[in-house]
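Asks: A predicted structure for the sequence below; I have some questions about it.
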Amino acid sequence: MGNILITGASGFIGSHIAERCVVEGHNVYAVLRESSSKEYLNIPGINFIYIKLNNRAEIVNKLRVIKSNIGKFDYVIHNAGITQAKNASDFDNVNFLYTRNIVEALYESGNIPDKFIFMSSLAACGPGDELSMKPITDNSEQCPITNYGASKLKAEKYLREQNKLDYVIIRPTGVYGPRDKDYFQYIKTILKNIEVYIGGKNQLLSFIHVYDLANIVTRIFNSNVVNTTLFATDGGTYTSKEFAGIVKSVTNKRTIKVVIPKWLFRAITYMAETISGLFGKTALLNSDKYKDLTSKNWSCNADTTFRLLEYKPEYTLHKGIQNTYEWYKTHRWIN
């Protein structure tokens with residue numbers, strides 16, 4: 001049992017990690033903003049800490065107080081970040097600077113954890129080669145194609161270059177499961193009997209159920225894994241057509257297939273960004289999303305993760321989608 005600090009704990013992934021840590025008997029301290037929802041953190045055993053991660057001095061002061069009360073944190077899971085932003089600079093401000101702030105604050109406050117676990121993304125690598133269609137591996141050159149991916153890569157480089165604490169970087173692929181809102185939108189489209197493709201049906205995809213991702217995080221605690229980077233995936237590679245087929249099988253739906261040409265989708269994202277910008281809002285369809293959805297190869301090889309953590313995913317994509325769909329129904333996200 002240890003003291004665990006989790007940033008971004010109120011979100012989809014963070015709340016599942018927090019819940020898993022509590023179940024395993026750890027003392028969990030969730031870093032929140034004053035405006036953060038506690039909807040999925042209403043669990044005995046979770047303590048709340050309100051810290052502004054853009055203020056390093058504030059982080060240092062609060063960590064010192066906490067250390068005087070409970071001792072140091074055994075593990076810190078830095079999950080806070082943004083996937084969408086109105087301005088490109090916002091990605092760096094949150095995904096990179098927050099990472100640097102908390103690492104520096106842990107060091108300055110003398111609260112050095114056994115391991116600092118950073119939740120990065122496959123986006124920090126960029127897509128795999130579209131000629132060979134070989135999966136992304138540990139040795140692949142990192143060439144992110146989005147502002148989000150570039151900011152995650154910048155945070156990764158910072159961690160690899162600093163010498164203040166030991167770290168493990170996790171790069172999840174497409175994360176889905178109960179409480180997820182992104183793939184939920186796709187499932188709702190299938191439920192309306194529409195099967196949408198951007199440019200074609202042969203995009204290669206990889207996924208991980210959020211329960212398996214939380215399992216990876218906690219397995220790192222007592223492992224010998226340190227100062228390294230791990231991909232998080234269920235081990236499978238799927239075409240976009242296969243993914244649609246699994247969702248249709250689980251939901252028992254027939255669909256009409258709609259293929260949107262890349263040029264048309266690019267125009268749609270441009271219009272969405274322009275209109276949202278006029279109202280000071282973030283567009284759900286944007287240039288980053290265009291690059292993600294039109295890149296053909298998002299497959300990756302996680303053999304190193306499975307070997308080092310002696311880990312085998314519990315959820316195949318079919319089992320995971322079934323679990324997720326049942327949760328949506330039980331919680332009335334769908335009828």
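Replies: That came through, no problem. Numbers count the residues shown, from 1 in each chain.

Asks: tell me which residues of the host helix or strand of residue 60 are tucked away?
Replies: In the assignment (DSSP states H and E), residue 60 maps to helix 56-70. Across helix 56-70, burial judged by 16 or more other C-beta atoms under 10 Å covers 56, 59-60, 62-63, 66-67. Backbone N, C-alpha and C define where each C-beta goes, glycine included.

Asks: closest to residue 104 out of the residues you listed?
Replies: residue 56 (5.9 Å; C-beta to C-beta).

Asks: ok, residue 165 touching residue 110?
Replies: No. Contact criterion C-beta atoms under 8 Å: residue 165 and residue 110 do not qualify, at 11.4 Å.

Asks: neighbour-wise, which of the two wins?
Replies: residue 165 (17 against 11; other C-beta atoms under 10 Å).

Asks: how much space is there between the more buried one and residue 219?
Replies: 20 Å (C-beta to C-beta, to the nearest Å).

Asks: same deal with residue 271?
Replies: 45 Å.

Asks: tell me which of those two has more neighbours.
Replies: Neighbours were tallied for residue 271 and for residue 219 using other C-beta under 10 Å; the higher tally belongs to residue 219 (15 against 12).

Asks: is it fair to say that one lies in a helix?
Replies: Yes. Counting by DSSP: H, G, I helix; E, B strand; the rest coil, residue 219 is found in a helix.

Asks: and the pLDDT at residue 196?
Replies: Listed pLDDT for residue 196 reads 94.

Asks: what helices and strands are in contact with the worst-scoring helix or strand of the chain on mean pLDDT?
Replies: One helix or strand of the chain scores below all others by mean pLDDT, DSSP states H and E: helix 262-278, with a mean of 86. Packing partners of helix 262-278 (3 or more C-beta pairs under 8 Å, 6 or more residues apart in numbering; DSSP states H and E): helix 287-294.

Asks: same question for the helix it packs on, mean pLDDT?
Replies: Mean predicted confidence for helix 287-294 is 90.

Asks: what residues sit buried inside the next helix or strand after that helix?
Replies: Counting by DSSP H and E, the element after helix 287-294 in chain order, helix or strand, is helix 303-309. Within helix 303-309, the residues scored as buried using 16+ other C-beta under 10 Å are 305-306, 308-309.

Asks: only alpha carbons, please: show the helix or strand just after helix 303-309 as PDB.
Replies: Per DSSP H and E, helix 303-309 leads on to helix 317-330 as the next helix or strand towards the C-terminus. Extracted as PDB, the C-alpha positions of helix 317-330 are listed here (Å, rounded to 0.1, in the frame of the first residue of the first chain):
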ATOM      1  CA  LEU A 317     -11.800  -5.300 -28.700                       C
ATOM      2  CA  HIS A 318     -15.000  -7.200 -29.000                       C
ATOM      3  CA  LYS A 319     -15.200  -7.900 -25.200                       C
ATOM      4  CA  GLY A 320     -14.300  -4.300 -24.500                       C
ATOM      5  CA  ILE A 321     -16.900  -2.800 -26.800                       C
ATOM      6  CA  GLN A 322     -19.500  -5.200 -25.300                       C
ATOM      7  CA  ASN A 323     -18.600  -4.000 -21.800                       C
ATOM      8  CA  THR A 324     -18.700  -0.400 -22.800                       C
ATOM      9  CA  TYR A 325     -22.000  -0.700 -24.700                       C
ATOM     10  CA  GLU A 326     -23.600  -2.300 -21.700                       C
ATOM     11  CA  TRP A 327     -22.300   0.500 -19.400                       C
ATOM     12  CA  TYR A 328     -23.800   3.100 -21.800                       C
ATOM     13  CA  LYS A 329     -27.200   1.400 -21.600                       C
ATOM     14  CA  THR A 330     -27.100   0.900 -17.900                       C
END
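
Asks: what are the buried residues along helix 317-330?
Replies: Those buried within helix 317-330 under the rule 16+ other C-beta under 10 Å are 317, 320-325, 327-328.

Asks: same question, stretch 95-108
Replies: In stretch 95-108, counting by 16+ other C-beta under 10 Å, buried: 95-99, 101-103, 105-108.

Asks: which one of the residues you listed is nearest residue 191?
Replies: Nearest to residue 191 among the buried residues of stretch 95-108, with distances taken as C-beta to C-beta, is residue 95, at 32.8 Å.

Asks: and the nearest residue to residue 290 once chain neighbours are set aside, what does it touch?
Replies: Of all residues not flanking residue 290 in the chain, residue 269 sits nearest, at 4.5 Å (C-beta to C-beta, 6 or more residues apart in numbering). Residue 269 makes contact with 283, 285-287, 289-290 under the criterion C-beta atoms under 8 Å, 6 or more residues apart in numbering.

Asks: look up how far residue 200 lies from the closest residue to residue 136 other than its chain neighbours.
Replies: Nearest residue to residue 136, sequence neighbours excluded (C-beta to C-beta, 6+ apart): residue 300, at 4.1 Å. Residue 300 is 20 Å from residue 200, where distance means C-beta to C-beta.

Asks: looking at these two, which is more packed in?
Replies: residue 300 (24 against 14).

Asks: contacts only, for the more buried one.
Replies: 122, 125, 128, 135-137, 171, 173, 206, 231, 233.
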